[in-house]
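# coords please:
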Amino acid sequence: MNENILGITAAILTSASMLPQLIKILKNKNVDDLSWITLLILIVGVSLWVWYGIIKDELPIILSNAFSALINITLLIFYIIFRNK
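Here you go, the predicted structure:
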């Protein structure tokens, strides 16, 4: 398998991995099963990957992890909004 295809596929899948959770929360307005600690760890981790990508000047790393950070930050915001409902 071409390593570029492998890398692009991995970036797309991992970046989009939390989209089903985001869709479920938007649909149900329920965050009871969501762990804010997990989200916080993911946000820190992907933010470090963005920083690494900037240092190495690697746009695919920057973009995929920035997208992932955005999704996880959105999930954390929804957790704060919906946690007491």
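
# Name the SS class of the residue nearest in space to the middle of the chain, please.
The centre of the chain sits closest to Ser68, judged by C-alpha atoms, centre = their mean, with a distance of 2.7 Å. What DSSP: H, G, I helix; E, B strand; the rest coil gives for Ser68 is helix.

# where do the strands sit along this structure?
Shown for the chain, no strands are assigned by DSSP state E.

# for it, what are the low-confidence residue spans?
1, 85 (pLDDT under 70).

# what's the burial count for Ser47?
Neighbourhood size, Ser47 [other C-beta atoms under 10 Å]: 16. In this view, the C-beta of every residue, glycine as well, is placed from N, C-alpha and C.

# my read: it touches Ala69, true?
Yes - with contact defined as C-beta atoms under 8 Å, Ser47 counts as touching Ala69 (5.5 Å).

# Who are the contact partners of the residue nearest to the centre of the chain?
Applying C-beta atoms under 8 Å, 6 or more residues apart in numbering, one finds that Ser68 lies in contact with Thr14, Ser15, Ser17, Met18, Leu42, Val46.

# out of those residues, who has the most neighbours?
Greatest neighbour count in the contacts of Ser68, by other C-beta under 10 Å, goes to Val46: 22 neighbours.
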